[in-house]
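1. Below is the structure, and that's it, no one-letter string:
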Ligand SMILES: C[S@@+](CC[C@H](N)C(=O)[O-])C[C@H]1O[C@@H](n2cnc3c(N)ncnc32)[C@H](O)[C@@H]1O
């Protein structure tokens, strides 16, 4: 890994987001299981499968949090995983879940300035992270920079549904259930109000495909994991703009 350049920005909301995840870390996994009705790990498994064969590959778990996706990457045969997140406490909870000899590099990093060389990794997965990142296009451009040509990026998240009815159902669950249940489990209802709002404010799948295309990815499309999660998949093009 290489040292990452600092991430500037006077209006940057990232410090508040990081502080929030530092507080949520001890009970984050439990809140996920309850709020997803036990489905979140199956979404992660399916998202990792969309990266294709991982044997002998170097993979990045971006916005890795408590390393659930890292565990799935290792189970899928990845030879090396870089687990990156800007919350040291989330990573600490995750590190404790792995065997000491797991081939995982755990490092604090901002998604907008990755401490990795150009063309140095084979696959990147980001689960439920990018909607928290200001200037998400910078993070996607960083993915394009560090991925080798032909490498895959899979983004697993709660994208805003295209249809009015699913959008209403998702927004209702986010506003009425998520802050209450998340608050009861973690003691931080306000944090779950923010997270629910970040879901409502996130882009649609077609918009994310466009964003990926502008960063240098050929979009492979998306897949919905009912009822609310989905992945968008891109393959890093040989020529990356702005690299
Ligand atoms: C909702 S959690 C998802 C964690 C994990 N990927 C999962 O599947 O559960 C979002 C994570 O993104 C991290 N994050 C948010 N903004 C970030 C940024 N700008 N750079 C790096 N990590 C960030 C947070 O610290 C948090 O751990």
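-> Thanks, I have the structure now. Values in this document were obtained by computation on a predicted structure and should not be read as measured data.

2. For the ligand, what is the nearest residue in this protein?
-> Residue nearest to the ligand within the chain: residue 65 (2.4 Å; Cβ to the nearest ligand atom). Heads up, the C-betas are built off the backbone N, CA and C, glycines and all.

3. Am I right that that residue is in a helix?
-> No. Going by DSSP: H, G, I helix; E, B strand; the rest coil, the assignment for residue 65 is coil, not a helix.

4. Tell me how many other residues surround it.
-> A count of nearby residues for residue 65, using other Cβ atoms under 10 Å, gives 24.

5. And the one 5 residues further on, by the same measure?
-> By the measure other Cβ under 10 Å, the count of residues near residue 70 is 29.

6. For it, give me its contacts.
-> 61, 64, 81, 83, 94, 98, 104 (Cβ atoms under 8 Å, 6 or more residues apart in numbering).

7. need the contact list for the residue of the chain closest to the ligand.
-> 21, 28, 85, 87, 90, 91, 94, 127, 128, 129.

8. so which of those comes closest to residue 46?
-> residue 127 (11.1 Å; Cβ to Cβ).

9. quick one: the closest one from residue 87, how far?
-> As defined by Cβ to Cβ, to the nearest Å, residue 127 lies at a distance of 14 Å from residue 87.

10. how about the helices in this structure?
-> 14-24, 28-35, 40-49, 68-75, 88-95, 136-146, 164-176, 178-186, 189-201, 205-215 (DSSP state H).

11. Residues touching the last one, excluding its own?
-> Here helix 205-215 makes contact (Cβ under 8 Å, 6+ apart) with 136-137, 140-141, 143-144, 153, 155, 159, 162, 203, 219, 221-222, 230, 232, 234, 240-242.

12. Quick one, which of the residues you listed are buried?
-> 136, 140-141, 143-144, 153, 155, 159, 203, 219, 222, 230, 232, 234, 240 (16 or more other Cβ atoms under 10 Å).

13. Flag the shaky bits of this protein, pLDDT-wise.
-> Along the chain, segments meeting pLDDT under 70 span 1-11, 240-243.

14. List the buried residues for the top strand by length along the chain?
-> For the chain, the strand that runs over the most residues, judged by DSSP state E, is strand 147-157. Judged by neighbour count using 16+ other Cβ under 10 Å, the buried positions of strand 147-157 are 147, 151, 152, 153, 154, 155, 156, 157.

15. ok, and of the contacts of helix 205-215, which contact the ligand?
-> With Cβ under 6 Å from any ligand atom as the criterion, the contacts of helix 205-215 include none near the ligand.

16. As a markdown table, the buried residues of strand 147-157 with distance to residue 177 would be great.
-> Output for these, formatted as a markdown table (distance: Cβ to Cβ, whole Å):
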| residue | distance to residue 177 |
| --- | --- |
| 147 | 36 |
| 151 | 37 |
| 152 | 33 |
| 153 | 30 |
| 154 | 27 |
| 155 | 24 |
| 156 | 20 |
| 157 | 18 |
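
17. Residues of the chain that sit close to the ligand?
-> Looking at the ligand, the residues of the chain close enough under Cβ under 6 Å from any ligand atom are 14, 17-18, 21, 63-65, 68-69, 85-87, 90, 110-112, 127-129, 132-133.

18. Quick one: residues contacting residue 153.
-> 123-126, 140, 143-144, 147, 212, 217, 233-236.

19. ok, now with 7 Å
-> 124, 143, 147, 217, 234, 236 (Cβ atoms under 7 Å, 6 or more residues apart in numbering).

20. do residue 93 as well
-> So residue 93 contacts 25, 26, 66 (Cβ under 7 Å, 6+ apart).
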